[in-house]
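J.: pasting the structure only:
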């Protein structure tokens, strides 16, 4: 593995295998990765007309993204049935600020200019600490030292007042006679849409930056940066539309780091400083609520990986995090409440050993210990086993634990009885297969069976808003993903996830909803099927179609205080591209071709109606 890093830096002409980083925090061949790893190529999803994080993750096995339909403002992200607050979102390995409730508004992140989105499904706290119960999504930027200087821009317009401009450029000082020693990658996207509901406009902008300096053949310094802003109007429910509600999000991250490459050693260290702010206004029956939340997050992480011999690798790492939360303004019924702020710190240390037992068998052991300023410490473990059944087929099995620390919003009003909260915990087990045959038309595929056993889930007392550890739950299922080119002119892809969820205890949530043991968890579909293809002809034309089938969704109607079954739904989209010249391209994208109206949630509006969008792309 370490030899691969040296080859990348030397910019060898040898064709390298597809690689990923998220599984081990080091570069490795995707063909050798767990079947719980997916790599979404942003260039491919951009060509399909997908430009938001929720959109590009939609067809990934084990993932369901439920778009905002009315009440509330955030797109829900479920990885193997776990909550949005139980997954970590990274930018080139750095944690993005997770907000006041440990959740991310993933629709505010535009993906144009990213290289890929790497997805690690399953318990991952040994490497990534808190909030990795369900998994990790790492947004990877382009590597400016290893790419040819180039640029791209795109203009989009279409239904419901949609318009966007996107720009991406990569440059370095390399040429045909010498490798690059300094490079930059920068992208910017800005969009506006009026929406198809009253008071549902959205403005969003994202800027991304990565700079690298190769100080010596062994040492590289980098700088990662991002800034984003979104202003969303909230339409409320169809039966009770809202005309004044809004939510504004903004954030930024700056992170310098360095990486050392030796013959048998790699060392990485970085510091990141991030800021996130949310301001919202909501009109309720009991009064109007105007809130402003701020979060500042610092992370210092360092780790080393060493090859001791041909059979044994080991690693050691540490991570310090400090989050400062503040309610700058809180107006309830126009009466001000006292400001609230708090600081939470954590320190984690992890180590692992990766042993190649035989030519076919590999075992990995990992353990991590985290200490917190506000909660009891947490130890997480991971054991994985991989066996090469054939040259193209590998069996993987994993047993791991993970946790989520209480969010600032859960500490705002104290805890029931003054008792300290325990971090939410997960004991996860999975077994699966990955098939990859290089230079073959046979599609690559993955198949995984998994189970998450969740305990100490946190909610609040609806009468006092005090938090406590309230519940247990279980999610389990089977996920399958496939992609390949039977012929050069045809790309086929698909995924299917069968998911069972169950509450293992009876409790009442902070919103007053009664949950009985044995009931399924809300919003997650029992069956989530995605299939699609793209074909090219006459070199200049490309046409694609994809379909998403959702079955077995249950939600809660807070107006009538009952659980409701959401209708099954099938959403079909299509796109067509025409290459005017090597530098220019036109594209047409059609969404919801059949006019499917099934709503994403019990409260809100039906799905977005049929719509069309045109895109002009230029490259230089």
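T.: That came through, no problem. Note that the structure is predicted; figures quoted are calculated from it, not measured.
J.: what's the mean pLDDT across stretch 181-191?
T.: Mean pLDDT, stretch 181-191: 97.
J.: chain center to it: distance?
T.: 20 Å (CA atoms, centre = their mean, to the nearest Å).
J.: number the chain from 31, please
T.: I'll keep to 31 as the first residue from here, and by that count the last item is stretch 211-221.
J.: so the spatially most central residue of the chain is in which element?
T.: Residue closest to the mean C-alpha point of the chain, counted by CA atoms, centre = their mean, is residue 167 at 3.6 Å. Using DSSP states H and E, residue 167 sits within strand 165-171.
J.: quick one: strands adjacent to that strand?
T.: Using DSSP bridges, the strands paired with strand 165-171 are strand 117-121 (parallel), strand 144-151 (antiparallel).
J.: may I see the buried residues of the first one?
T.: Right, the one you point to is strand 117-121. Buried positions in strand 117-121, judged by neighbour count with 16 or more other CB atoms under 10 Å: 117, 118, 119, 120, 121. Any C-beta I mention is one placed from the backbone N, CA and C, and that applies to glycine too.
J.: in the stretch 531-650 of the chain, which spans are strands?
T.: With DSSP state E, counting those that start in this stretch as the criterion, the stretch 531-650 of the chain has strands at 537-538, 544-545, 557-567, 571-581, 584-587, 592-595, 599-611, 614-621, 641-649.
J.: between those, which one is nearest to residue 447?
T.: For residue 447, the closest of these is strand 537-538, at 16.0 Å, according to CB to CB.
J.: tell me the bridge partners for residue 68.
T.: residue 149.
J.: verify the stated contact: it with residue 146.
T.: No. Applying CB atoms under 8 Å as the test, residue 68 and residue 146 come out as separate, 9.8 Å apart.
J.: a markdown table for the strands of the stretch 531-650 of the chain, including distance to residue 134, mean pLDDT and mean neighbour count?
T.: Converted to a markdown table, those look like this (distance: least, CB to CB, whole Å; pLDDT from 0 to 100; neighbours: other CB atoms under 10 Å):
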| stretch | distance to residue 134 | mean pLDDT | mean neighbour count |
| --- | --- | --- | --- |
| strand 537-538 | 25 | 86 | 16 |
| strand 544-545 | 24 | 89 | 16 |
| strand 557-567 | 20 | 97 | 17 |
| strand 571-581 | 22 | 98 | 18 |
| strand 584-587 | 21 | 90 | 18 |
| strand 592-595 | 27 | 93 | 13 |
| strand 599-611 | 23 | 97 | 17 |
| strand 614-621 | 24 | 98 | 17 |
| strand 641-649 | 25 | 97 | 17 |
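J.: can you add distance to residue 77 and give those back as CSV?
T.: Below are the strands of the stretch 531-650 of the chain laid out as CSV (distance: least, CB to CB, whole Å):
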stretch, distance to residue 77
strand 537-538, 46
strand 544-545, 43
strand 557-567, 8
strand 571-581, 7
strand 584-587, 33
strand 592-595, 36
strand 599-611, 7
strand 614-621, 8
strand 641-649, 9
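J.: out of the ones you listed, which comes closest to residue 513?
T.: Smallest distance to residue 513 across the strands of the stretch 531-650 of the chain (CB to CB): 9.7 Å, for strand 557-567.
J.: circling back to that earlier point, dump the strands paired with strand 165-171 into a markdown table; add mean pLDDT and distance to residue 387 as well.
T.: Formatted as a markdown table, the strands paired with strand 165-171 follow (pLDDT from 0 to 100; distance: least, CB to CB, whole Å):
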| stretch | mean pLDDT | distance to residue 387 |
| --- | --- | --- |
| strand 117-121 | 95 | 31 |
| strand 144-151 | 97 | 24 |
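J.: so can I have JSON lines of the ones you listed showing distance to residue 524?
T.: Below are the strands paired with strand 165-171 laid out as JSON lines (distance: least, CB to CB, whole Å):
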{"stretch": "strand 117-121", "distance to residue 524": "23"}
{"stretch": "strand 144-151", "distance to residue 524": "16"}
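J.: closest one to residue 235 among the ones you listed?
T.: Across the strands paired with strand 165-171, closest to residue 235 is strand 144-151 (CB to CB), at 15.0 Å.
J.: run the chain-centre distance for the closest one.
T.: 7 Å.
J.: going along the chain, name the strands of the stretch 281-430 of the chain.
T.: Under DSSP E, counting those that start in this stretch, the stretch 281-430 of the chain gives strands at 295-314, 317-337, 342-362, 365-366, 370-386, 391-402, 408-420, 423-434.
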